[in-house]
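Sequence and predicted structure are below.
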Amino acid sequence: MVQYEGAWSIRRMLLLLVLLGTVGLGAELFLLEHTETIWQWIPLIVLGCGFFSGLTVAFAPRRSTVLIYRGVMVVFVAAGVLGLYLHFEGNAAFELEMDESLQGIGLFWKSMRGATPALAPGAMAQLGLLGLIQAYRHPALLNSARRDS
């Protein structure tokens, strides 16, 4: 298989985007005091794991570190989907407290535009997908597969 210098540069840039995204999103959540319940701590913990696993891949790109990084990126996606659900459900519960007669599309729209940004956790899922793209066919995985065969 031919390795292109451009592919290495793109891989590094994607990793840099993931690292910057984890720092930025973590700082935003911390500044918003997203720390009241254990559910609100989940994204902060996952972002920290993502940052440190990304640094490990940057400075020690071995099969084990890339596999751990990929696993953490899957957790990013799962945490993002869970966050979407929790934000929407929290908004829906609040809207129903305000107006018990809400239902259907009216409840949906009010919940989407509620106090808690319903789509904000999608940024976490997006970072996870970006990290999975970055780790796709990573040279550390390919080189160790060649050594094993």
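Cool, got the structure. Numbering: from 1, shown residues only.

Give me the buried positions along the longest helix along the chain.
Looking across the chain with DSSP state H, the single longest helix is helix 63-98. The neighbour-count check on helix 63-98 (16 or more other CB atoms under 10 Å) flags 63, 65-70, 72-73, 75-77, 79-80, 82-84, 86-88, 90-92, 95 as buried. Heads up, the C-betas are built off the backbone N, CA and C, glycines and all.

quick one: contacts for L29?
With contact set as CB atoms under 8 Å, 6 or more residues apart in numbering, L29 has these partners: Q40, P43, L44, L47.

In PyMOL, how would I select just the buried ones from the residues you listed?
Those of the contacts of L29 that count as buried under 16+ other CB under 10 Å are selected in PyMOL with:
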select buried, resi 43+47
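
Closest one to T116 out of the contacts of L29, please.
Set against T116, the nearest of the contacts of L29 by CB to CB is Q40 (10.5 Å).

Return the distance of the closest one relative to S64.
Plainly put, Q40 is 31 Å away from S64 if you go by CB to CB, to the nearest Å.

dump the residue contacts of M112.
If you count contacts by CB under 8 Å, 6+ apart, M112 has them with F88, N91, A118, L119.

From G48, how far off is it?
Separation of M112 from G48 (CB to CB) stands at 29 Å.

repeat for R12
22 Å.

show me what contacts L129?
So L129 contacts M73, V77 (CB under 8 Å, 6+ apart).

Which helix or strand contains it?
Following DSSP states H and E, the helix or strand that holds L129 is helix 122-135.

That helix to helix 63-98, inter-axis angle?
Here helix 122-135 runs at 160 degrees with respect to helix 63-98, directions being taken by axes from the mean of the first three to the mean of the last three CA atoms, to 10 degrees.

what about stretch 29-46, how long is it end to end?
The separation between the terminal residues of stretch 29-46, taken as CA to CA, to the nearest Å, is 12 Å.

any idea of the mean pLDDT in that stretch?
In this model, stretch 29-46 has an average pLDDT of 95.

Could you verify my assumption that Q134 touches V18?
Yes. Because the distance of 6.2 Å satisfies CB atoms under 8 Å, Q134 is recorded as touching V18.

With neighbour numbers in mind, choose between those two.
V18 (27 against 23; other CB atoms under 10 Å).

number of nearby residues for the closest residue to that one other than its chain neighbours?
Computed as CB to CB, 6 or more residues apart in numbering, the closest residue to V18 that is not its neighbour in sequence is G131, at 4.7 Å. A total of 28 residues lie near G131 under the criterion other CB under 10 Å.
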